[in-house]
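> Provide a 3D model corresponding to the input given below.
(one chain, ligands or ions: 1)
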Amino acid sequence: MAHGKLHFETLAVHGAGMPDLTKIKPVSIPIYQSSEFVFDSAEHGAAVMAGQEPGYVYTRLGNPTSRDFEKRTALLEGTEDGISFASGLAGIAAVILTYCRPGDNIISSAPIYGGTFGLFKDLMPKMNIEIIYLPASDIHNLIETKANDRTRLVYIETPANPTLDVVDIAETVKAAKKQNLKVVIDNTFATPCLQRPIEMGVDVVLHSATKYICGHGDTMGGVVVGPRTEIDQIRPMAFKNLGGSIAPLTAWLMSRGLQTLPLRVERHSQNAMKIALFLEKHPKVSKTCYPGLESCPGHAVAKKQMSGGFGGVLAIDVKGGREAGRKFQNNLKLCKLAVSLGSVDTLVTHPASTTHLAYSEQDLAAVGMTPGFVRIAVGIENPEDVMADIDQALSNI
Ligand SMILES: Cc1ncc(COP(=O)(O)O)c(C=O)c1O
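This next block holds a predicted model:
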């Protein structure tokens with residue numbers, strides 16, 4: 001029917017029709033801001049839905065802009081495919097629930113991000129899935145004695161949030177493979193610019209894309225990548241059952257973030273290294289944790305498995321404990337008091353009272369988070385300005 005013959009309300013809905021998208025060649029992928037996609041015919045719709053023909057159906061199940069983000073991340077991580085999520089935590093939940101059944105257990109490095117710890121603590125007991133924590137620095141030596149016939153996977157985070165402990169990825173893979181276990185890594189802190197776990201034999205790599213991939217502290221997202229055989233197993237759990245799919249605009253912002261990721265991560269790492277060296281000698285600081293420091297227990301392993309830098313996050317133990325740590329934070333003028341990391345801004349937080357609230361006093365002590373422990377996620381400002389601010393904040397405690 002010619003558009004001229006249609007009623008006003010119908011014209012309002014249909015407009016002048018779609019332009020021929022095959023004739024338009026933008027430099028940047030369009031944001032496919034559509035929750036559903038039109039089929040060529042009833043048969044075509046059934047075939048796409050059944051997975052017999054390629055195509056898109058419904059954005060929760062896949063979207064061209066999200067696919068661009070997933071494929072870009074897989075490419076940078078040196079693997080085949082990926083799935084994107086509305087948050088990093090949604091990705092972690094989808095991975096765990098894909099591989100584990102009630103009665104199974106997971107071996108996890110400790111510490112890990114407080115939200116992941118919270119997910120493991122709150123949700124996993126309801127599923128009757130047990131988490132066995134092993135210290136990051138020693139997990140590869142302990143897997144053999146701790147794994148049993150219900151262990152399904154080894155979950156590692158390195159460098160770890162917030163202590164910057166380092167897991168030996170290659171040795172952990174070796175120990176896990178001996179027990180026929182999959183290895184899943186949270187590569188958020190390092191990014192594929194500095195650490196490529198797939199090349200070390202890891203099965204699945206995941207990210208809180210909210211951090212360095214986004215890069216500007218303004219968008220939430222997650223991404224899980226790996227060989228097609230793994231991703232095809234995770235996708236139904238992710239999109240059909242849990243439904244934490246990324247929004248097209250968010251995916252587009254993440255793809256844009258990936259384009260500048262190497263430049264930003266290089267600068268974050270250079271700045272963090274300078275600031276860590278400065279803090280290591282500061283009279284108001286009793287300990288500086290940064291994998292790039294020779295004094296850091298994980299330095300040798302980090303040097304072996306990371307290249308191009310050690311990331312943008314460091315942590316300090318402020319002399320004088322909790323009260324001194326609180327004063328230090330309140331004295332800051334340029335650095336912002338905020339959770340998260342990977343943003344252009346330098347963000348400072350006290351993990352025990354914010355990001356790692358799920359940790360009990362006992363849990364905190366077990367992983368060496370002392371009362372004055374403060375995390376500094378270094379941004380891409382001029383490091384001299386950040387250092388001057390940190391220095392005055394420490395000196396005025
Ligand atoms: C290392 C790490 N993994 C996972 C997450 C969870 O990601 P999101 O907050 O995007 O759900 C975070 C968040 O801070 C994190 O730091």
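> pLDDT weak spots in the stretch 51-200 of the chain?
Applying pLDDT under 70 to the stretch 51-200 of the chain flags no residue at all.
> need the residues of it near the ligand, please.
Neighbours of the ligand within the stretch 51-200 of the chain, by Cβ under 6 Å from any ligand atom: Ser87, Gly88, Leu89, Tyr113, Gly115, Thr116, Glu157, Asn161, Asp186, Thr188, Phe189. Just so you know, the C-beta spots here come from the backbone N, C-alpha and C atoms, and that holds for glycine as well.
> let's see it at 5 Å
Ser87, Gly88, Leu89, Tyr113, Gly115, Asn161, Asp186, Thr188 (Cβ under 5 Å from any ligand atom).
> host element of the fifth one?
Think Gly115. helix 114-126 (DSSP states H and E).
> and that helix, what other elements does it pack with?
For helix 114-126, the packing partners by 3 or more Cβ pairs under 8 Å, 6 or more residues apart in numbering; DSSP states H and E come out as helix 88-99, strand 105-110, strand 130-135.
> out of these, which is closest to Ala238?
For the helices and strands packed on helix 114-126, the distance to Ala238 is smallest for helix 88-99, at 4.0 Å, taking Cβ to Cβ.
> now do the end-to-end distance for stretch 235-248.
17 Å (Cα to Cα, to the nearest Å).
> now it: buried residues?
Arg235, Met237, Ala238, Phe239, Leu242, Gly244, Ser245, Ile246, Ala247, Pro248 (16 or more other Cβ atoms under 10 Å).
> of the residues you listed, list those near the ligand.
Applying Cβ under 5 Å from any ligand atom to the buried residues of stretch 235-248, none is adjacent to the ligand.
> ok, which stretches of the stretch 101-250 of the chain are helices?
114-126, 139-146, 169-178, 191-194, 228-235, 248-280 (DSSP state H, counting those that start in this stretch).
> packing partners for the shortest one?
Pointing back at helix 191-194 there. Helix 191-194 packs on helix 64-76, helix 248-280, going by 3+ Cβ pairs under 8 Å, 6+ apart.
> not counting its neighbours along the chain, what's nearest the residue of the stretch 101-250 of the chain found nearest the ligand?
Going by Cβ to the nearest ligand atom, the ligand is nearest to Ser208 of the stretch 101-250 of the chain, at 3.0 Å. Using Cβ to Cβ, 6 or more residues apart in numbering and skipping residues adjacent in sequence, the residue nearest Ser208 is Gly88, 2.8 Å away.
> and the one you found, how many neighbours?
25 (other Cβ atoms under 10 Å).
> what angle separates the helix holding Gly115 from helix 88-99?
30 degrees (axes from the mean of the first three to the mean of the last three Cα atoms, to 10 degrees).
> who are the contact partners of whichever residue of the chain sits closest to the ligand?
Here the residue of the chain nearest the ligand is Gly88; by Cβ to the nearest ligand atom that distance is 2.5 Å. The neighbours of Gly88, taking Cβ atoms under 8 Å, 6 or more residues apart in numbering as the test, are Asp186, Thr188, Leu206, His207, Ser208, Ala209, Thr210, Lys211, Gly221, Gly222.
> also Val204?
Val95, Lys182, Val183, Val184, Ile185, Val224, Val225, Gly226, Glu230, Ile234.
> ok, it to Val184 distance?
5 Å (Cβ to Cβ, to the nearest Å).
> what do those two both touch?
Val95.
> if we can go back for a sec, and which of the contacts of Gly88 is nearest Asp81?
Distances from Asp81 to those, taken by Cβ to Cβ, are shortest for Leu206, at 13.2 Å.
> beta-bridge partners for the closest residue to that closest one other than its chain neighbours, please?
Leaving aside its sequence neighbours, Leu206 sits nearest to Val224 (Cβ to Cβ, 6+ apart; 4.5 Å). With DSSP bridges as the criterion, Val224 is bridged to Ile83, Leu206.
> pull the contacting residues for Val224.
Val224 sits in contact with 82-83, 85, 91, 94-95, 204-207, 231, 234, 238, where contact means Cβ under 8 Å, 6+ apart.
> name the residues of stretch 287-304 that are buried.
For stretch 287-304, using 16+ other Cβ under 10 Å, the buried residues are Lys287, Thr288, Cys289, Tyr290, Pro291, Gly292, Leu293, Cys296, Gly298, His299, Val301, Ala302.
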